[in-house]
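Q: what follows is a protein structure lacking sequence information:
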């Protein structure tokens with residue numbers, strides 16, 4: 001685990017090449033290209049235009065969000081968008097104190113610059129600011145599950161392994177992945193099962209953001225209401241439903257009063 005927030009979390013060969021900048025509206029256009037490239041490529045395969053990406057980023061800034069951009073040799077290679085105010089349309093799905101949460105809306109790195117810990121460095125930079133504001137939790141928006149149905153005799157875990165392998169083969173062939181439509185009660189049971197499996201098999205988590213935050217902070221918690229994990233139904237009807245991981249910063253030692261001047265607990 002990387003606990004010293006005052007040391008850069010970049011890989012050694014990238015430390016002198018990468019700098020993180022908090023941008024304002026004037027810098028959004030160049031970041032829009034990164035946003036478009038990240039989400040139009042694997043594993044998202046969305047269809048953003050540059051104009052749409054810039055419009056979204058500007059809307060974040062206009063709502064007092066922070067946009068951090070890593071520059072390598074003066075070229076933007078990614079982004080992190082965070083806010084101290086949970087968007088209204090997502091507040092009901094998060095069962096933690098809303099005023100104590102730093103919320104990461106978006107994070108992404110251009111494909112050719114991944115595996116350099118640049119995303120980790122963006123999180124570190126944002127985390128420094130969050131703990132200085134006495135934030136207790138770090139949350140983010142993700143869709144880490146892919147709905148499927150079990151075959152006869154399969155456990156949920158074995159079915160998950162099978163489906164992920166089938167998806168990997170399908171993507172390599174360029175085949176379309178068909179996601180079954182589930183009723184809300186079926187989805188709730190599915191999400192409960194999925195997250196319980198990830199407790200013992202985190203290697204089955206296909207969400208890039210979950211892997212990133214788990215690598216940095218260890219075990220992830222998820223927003224839970226009673227016995228059920230909370231989730232936001234996809235408003236587009238595409239079965240891209242959202243669940244909400246929560247990281248308790250105090251449990252991880254990332255609290256302002258627990259650090260000395262060297263950043264060591």
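A: Here it is on my side, so go on. This one's a predicted model, so the numbers in the text were calculated from it and none came from an experiment.

Q: contacts and neighbour counts: CA atoms only from here.
A: Fine.

Q: residue 35 belongs to a helix?
A: Yes. Assessed with DSSP: H, G, I helix; E, B strand; the rest coil, residue 35 lies in a helix.

Q: can you tell me the closest non-neighbouring residue to it?
A: Leaving aside its chain neighbours, residue 35 sits nearest to residue 53 (6.3 Å; criterion: Cα to Cα, 6 or more residues apart in numbering).

Q: my guess is that neighbour meets residue 38, correct?
A: No. Using Cα atoms under 8 Å, residue 53 is not in contact with residue 38; the gap is 10.8 Å.

Q: so what's the residue nearest the centre of the chain closest to, chain neighbours aside?
A: Centroid-nearest residue in the chain: residue 209, 3.6 Å away (criterion: Cα atoms, centre = their mean). Spatially, and ignoring its direct neighbours in sequence, residue 209 is nearest to residue 142 (7.2 Å; Cα to Cα, 6+ apart).

Q: roughly how far does the one you found sit from residue 160?
A: 18 Å (Cα to Cα, to the nearest Å).

Q: what's the answer for residue 233, then?
A: Taking Cα to Cα, one finds residue 233 at 21 Å from residue 160.

Q: and for residue 6?
A: For residue 6, the distance to residue 160 - Cα to Cα - is 39 Å.

Q: surely residue 20 is within a strand?
A: Yes. Per three-state DSSP, residue 20 lies within a strand segment.

Q: so it makes contact with residue 69?
A: Yes. The pair residue 20 / residue 69 is scored as a contact, 5.5 Å apart, by Cα under 8 Å.

Q: got the residue ranges for the helices in the stretch 101-250 of the chain?
A: Taking DSSP state H, counting those that start in this stretch, the helices of the stretch 101-250 of the chain run over residues 118-132, 156-173, 184-200, 208-217, 249-252.

Q: I'd like to know which elements the longest one is packed against.
A: Counting by 3 or more Cα pairs under 8 Å, 6 or more residues apart in numbering; DSSP states H and E, the packing neighbours recorded for helix 156-173 are helix 184-200.

Q: flag every buried residue along the helix it packs on.
A: 187, 188, 190, 191, 192, 194, 195, 197 (16 or more other Cα atoms under 10 Å).

Q: leaving out chain neighbours, which residue sits closest to the first one?
A: Taking Cα to Cα, 6+ apart, and ignoring the residues beside it in sequence, residue 187 has residue 147 as its nearest neighbour in space, at 7.8 Å.

Q: per-residue pLDDT, the one you found?
A: Residue 147 carries a pLDDT value of 94.

Q: contact partners for residue 104?
A: 80, 81, 82, 83, 138, 139, 140, 141 (Cα atoms under 8 Å, 6 or more residues apart in numbering).

Q: hey, what's the residue nearest to residue 209 bridged with?
A: For residue 142, the beta-bridge partners are residue 243 (DSSP bridges).

Q: how many residues are close by it?
A: Applying other Cα atoms under 10 Å, we find 19 residues neighbouring residue 142.

Q: okay, and which of the contacts of residue 104 map to strands?
A: Using DSSP state E, the subset of those located in strands is 80, 81, 82, 83, 138, 139, 140.

Q: save the residues you listed as a markdown table, and put in distance to residue 213, neighbour count and pLDDT too.
A: As requested, the ones in strands among the contacts of residue 104 are exported to a markdown table (distance: Cα to Cα, whole Å; neighbours: other Cα atoms under 10 Å; pLDDT from 0 to 100):
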| residue | distance to residue 213 | neighbour count | pLDDT |
| --- | --- | --- | --- |
| 80 | 13 | 22 | 96 |
| 81 | 15 | 21 | 95 |
| 82 | 14 | 26 | 95 |
| 83 | 17 | 20 | 93 |
| 138 | 10 | 21 | 95 |
| 139 | 10 | 24 | 94 |
| 140 | 9 | 21 | 92 |
